[in-house]
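One predicted model, sequence on top.
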Amino acid sequence: MNIFTKHIAQALSLPETAVDNTLALLEQGCTIPFISRYRKEKTGALNEVQIAAISDMNERLKEISKRKETIVKTITEAGKMTPELQQRIADCWDATVLEDIYLPFRPKRRTRAQVAREQGLEPLATLIMMQREANPQETAKRFVDGTNVGSVENAIAGAKDIIAEMVSEDERSRNAMRGIFRRNAMIISKVVKAKKDTDEAQKFSDYFDWQEPLRRCTSHRLLAMRRGETEGVLRVSISADDTECVEKLCRLHVRGFGKCSRLVTEAVEDSYKRLLKPAIETEFAAMSKEKADDEAILVFTENLRQLLLSAPLGQKRVMGVDPGFRTGCKVVCLDAQGNLLHHEAIFPHPPVNKQMQAAISVEKMLRKHHIEAIAIGNGTASRETNDFIKDVLAGRYAVPTDDNDAPLPHPQVFTVSEDGASIYSASKIAREEFPDEDVTVRGAVSIGRRLMDPLAELVKIDPKSIGVGQYQHDVDQGKLKKSLDQTVESCVNMVGVNLNTASLHLLMYVSGLGPALAKNIVDYRKEHGAFTSRTQLKKVPRLGPAAFEQCAGFLRIPGAKNPLDGSAVHPESYAIVEQMANDCGCTVVDLMKDAEKRKQINLKQYVSDAVGMPTLNDIMHELEKPGLDPREQIEEFEFDPSVQTIDDLVEGMILPGIVTNITNFGAFVDIGVHQDGLVHVSQLADRYVKDPNQVVKLHQHVRVRVKEVDFRRQRISLSMRGVK
């Protein structure tokens, strides 16, 4: 059994066997999606979230284990190790407690207490701390003669410095302070006076004079204050009641009312002010920041998951439009595989206003390229471009035609998020895809492709640039990247990937592949043509048995000779399906088509040591709907045509909108006025809502009521309460 199994199982309330088997699979290099999907018998059907939690905790325990080795070595080399201390360190798996144990032994810089110890005053400090001496000044004289202490007062002061450090390093002291800070600490934010009237300070105006209990401070408020502090606008501090803290420490360390007790009291007060309070404040600042980071990362990953799993249009011939006013609208036409067929710029809006010419160009492109859908970016001039395109489709421009013209198609029109499109268009990936096109063309292509398959296109963009986060640049970047990468990997493998059409960047996220093997697959495909079976993957250079096992189930070949190659059934289970078909007296194809034949199968007779009911149930589900895309169907949407700008808004209006971002304090909704409105969490439903994701999803079509409009700050407050 893994040495961490019991700790993890207990902490996560999971069966030890499931945890131990999961750790073994992770150590073998198996990915989280693979373990979750194809090793349910070993894990007890743990989901990806549980497996990720096991993996994260295992890494943390490994770090603590390494830290313990360093601590034991340091204390041993100092000659201060005892059997009891070594056992206590061995039994400790809490990082904070471990550092508290180590604190008295940790090599220190030259502190006041260290100077006093070098002067031989530690015995005096011990005597005073015992609080039995009737006349500590008389006792102190023994530590003055023949030393460089100088005077009784210096000796007493040095002893108090030692006591102050002892108090600050005492575990009971630190835990008592943590308890008070945990219950009563306040976070306080004040504006830096010199910055108060500057433009950059106004976005932090809510926190110019702010305080609240730290335990009630939400992650978005804490991160906002910390950002203001980083930008030099705010001063942020965390503190508890000083009197309560000192009294608690005195109860722990002061006994009686004698002269020694008064000296210890003075040392305790000094210890709190000079040593303990700054240390505990720093600890709670770091702890609260980490908690806020974790919450913000959770919000970001959930939004990213929803965005990546947005409904795809599928393989259709698409016109992508990157709207604009002065620079015009860049229009691209794509075939059903997303290849660029044509591009040009049109200028239907001010200041150019060449509407008729633009209408002629659009109709020509629609006819020539048999466009089936139009994707319009949701940025500047989006509403105006949407209205223009719909006017063209409705024939309002009376564009001249002749008898040879093909009928004008009437494609569906969709508004597509263009967050991150500019990042993609200037990236190395975009330059490799379109070396001869400028950034505007690449951006429009990205918008069009996002409509066809959001997942396949968005994997090319750094997740932090997609625009669905909350303070993503303020949180722990390493932790954020790991979480976002796991989310992308999870989504890609949940949907599955077409082996013959997937880009290099999509293949990179498939379980067991990565950049090198993904490139080898693309190169092999270019050289040998489309894959006709999953077993061909074994011929890809450097793609060995382990990588094949990890990736094969997530790579699909629609229309392959073996129908199972187009499903999520893993090749290791093909023999089971073939046996089922033989037992039913039919082929695998017949079994997949005939529900009555599948009903005749008794799954229990196929259970073995390696394959249990969870896998068999998954197989039957796949045979019923092989390769089914788990994403929802895309729907058209239309803003209220009477509302174009924020000036058109009136309190009480009921409007349609699209959810563009979700935070833990509410949801932002695009109502078509170039400025998203906020539905605060308290306005999401007619009941208490703890998590906005319980009520709304990214890109969901909703109806909202205009609650308040702040024209000066361009802020819109919306409500969904009582709106049907």
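Happy to help now that I have it. Numbers count the residues shown, from 1 in each chain.

switch to C-alpha atoms for all contacts and neighbour counts from now on
Will do.

outside of the worst-scoring helix or strand of the chain on mean pLDDT, which residues touch it?
Among the secondary structure pieces of the chain, namely its helices and strands, helix 421-425 has the lowest mean (mean pLDDT, DSSP states H and E), a mean of 89. With contact meaning Cα atoms under 8 Å, 6 or more residues apart in numbering, helix 421-425 is reached by Ala430, Arg431, Val439, Thr440, Arg442, Gly443, Ser446, Ile447, Lys460, Ile461, Ser465.

Out of the residues you listed, which comes closest to Leu506?
Using Cα to Cα, the shortest approach to Leu506 within the contacts of helix 421-425 belongs to Lys460, at 7.7 Å.

That closest one belongs to a helix?
No - counting by DSSP: H, G, I helix; E, B strand; the rest coil, one finds Lys460 to be coil, located in no helix.

isn't it right next to His505, touching?
Yes - the pair Lys460 / His505 is scored as a contact, 6.0 Å apart, by Cα atoms under 8 Å.

buried ones in the next helix or strand after the least confident helix or strand of the chain?
Counting by DSSP states H and E, the next helix or strand C-terminal to helix 421-425 is helix 428-433. Across helix 428-433, burial judged by 16 or more other Cα atoms under 10 Å covers Ala430, Arg431.

Over to stretch 355-371?
For stretch 355-371, a neighbour-count test (16+ other Cα under 10 Å) marks 355, 358-366, 369-371 as buried.

now, the most widely separated pair of those residues?
Most distant of the buried residues of stretch 355-371, by Cα to Cα, are Gln355 and His370, 21.9 Å apart.

Distance from the chain centre to stretch 480-489, please.
Here the centre of stretch 480-489 is set off from its chain's centre by 7 Å, with Cα atoms, centre = their mean, to the nearest Å.

Quick one: mean pLDDT for it?
In this model, stretch 480-489 has a mean pLDDT of 92.

One more: stretch 152-168?
95.

Next, the buried residues of that stretch.
For stretch 152-168, burial by neighbour count (16+ other Cα under 10 Å) applies to 152, 154-168.

Next step: those restricted to strands.
Among the buried residues of stretch 152-168, no member is found in strands (DSSP state E).

can you map out the helices along the stretch 101-250 of the chain?
Ranges of helices within the stretch 101-250 of the chain are 112-118, 122-130, 136-140, 152-169, 171-184, 219-230, 242-253, based on DSSP state H, counting those that start in this stretch.

most packed of those?
helix 152-169 (a mean of 24; mean count of other Cα atoms under 10 Å).

Between helix 171-184 and it, find me the angle.
For helix 152-169 against helix 171-184, the angle by axes from the mean of the first three to the mean of the last three Cα atoms, to 10 degrees is 60 degrees.

Let me see the confidence value for Gly469.
For Gly469, pLDDT reads 69.

ugh, wrong one, I meant Leu85
At Leu85, the pLDDT recorded in the model is 95.

Longest helix of this structure, counting residues only.
helix 277-308 (DSSP state H).

same for it, what does it pack against?
helix 171-184, helix 219-230, strand 234-239, helix 454-458, helix 477-495, strand 654-663 (3 or more Cα pairs under 8 Å, 6 or more residues apart in numbering; DSSP states H and E).

Try it again at 7 Å.
helix 219-230, strand 234-239, helix 454-458, helix 477-495 (3 or more Cα pairs under 7 Å, 6 or more residues apart in numbering; DSSP states H and E).

what packs against the third one?
Other elements packing on helix 454-458 under the criterion 3+ Cα pairs under 7 Å, 6+ apart are helix 277-308, helix 439-452.

neighbours of Asp650, just the number please.
To be clear, residue 650 is Val; Asp isn't right here. 14 (other Cα atoms under 10 Å).

What values do phi and psi take at it?
phi -130, psi 140 (degrees, to the nearest 10).

what residues are up against it?
When contacts are counted by Cα atoms under 7 Å, 6 or more residues apart in numbering, Val650 touches Val706.

Among the helices and strands packed on helix 454-458, which comes closest to Gln579?
helix 277-308 (37.2 Å).

and that closest one with strand 234-239, angle?
Using the same axes, to 10 degrees: helix 277-308 against strand 234-239 is 120 degrees.

Following the chain onward from helix 277-308, which element is next?
Heading C-terminal from helix 277-308 (DSSP H and E), you reach strand 318-322.

what pairs with the helix or strand just after that next one, and is each one parallel or antiparallel?
Counting by DSSP H and E, the element after strand 318-322 in chain order, helix or strand, is strand 329-334. The pairing partners recorded for strand 329-334 under DSSP bridges are strand 318-322 (antiparallel), strand 340-346 (antiparallel).

ranking those strands by burial, who's on top?
strand 318-322 (a mean of 32).

Among the helices and strands packed on helix 277-308, which comes closest to Pro83?
It is, among the helices and strands packed on helix 277-308 and with distance given as Cα to Cα, helix 477-495, at 37.2 Å.

What is the helix or strand following that closest one packed up against?
Using DSSP H and E, the helix or strand that follows helix 477-495 in sequence is strand 497-498. Packing contacts for strand 497-498, counted by 3+ Cα pairs under 7 Å, 6+ apart, involve strand 555-556.

Direction included, what does the strand it packs on pair up with?
Partners of strand 555-556, by DSSP bridges, with direction: strand 497-498 (parallel).

mind putting the helices and strands packed on helix 277-308 in TSV, distance to Val589 included?
As requested, the helices and strands packed on helix 277-308 are arranged in TSV below (distance: least, Cα to Cα, whole Å):
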stretch	distance to Val589
helix 219-230	53
strand 234-239	67
helix 454-458	29
helix 477-495	22
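
Pick the most deeply packed of the ones you listed.
On a mean-neighbour basis (criterion: mean count of other Cα under 10 Å), the most buried of the helices and strands packed on helix 277-308 is helix 454-458, at a mean of 22.

List just the one of the helices and strands packed on helix 277-308 that sits closest to Gln202.
The nearest among the helices and strands packed on helix 277-308, by Cα to Cα, is helix 219-230 at 10.2 Å.

Which elements pack onto the closest one?
On a contact count with 3+ Cα pairs under 7 Å, 6+ apart, helix 219-230 meets strand 234-239, helix 277-308.

Please find the angle between the direction vectors of that helix and helix 277-308.
120 degrees.

Looking at helix 219-230 now, give me its mean pLDDT.
The average pLDDT for helix 219-230 rounds to 93.

before we move on, what about stretch 335-343?
On average, stretch 335-343 scores 94.

still on that earlier bit, any idea which of the helices and strands packed on helix 454-458 is most buried?
Counting by mean count of other Cα under 10 Å, helix 439-452 has the highest mean neighbour count of the helices and strands packed on helix 454-458, with a mean of 27.

angle of that helix against helix 277-308?
70 degrees.
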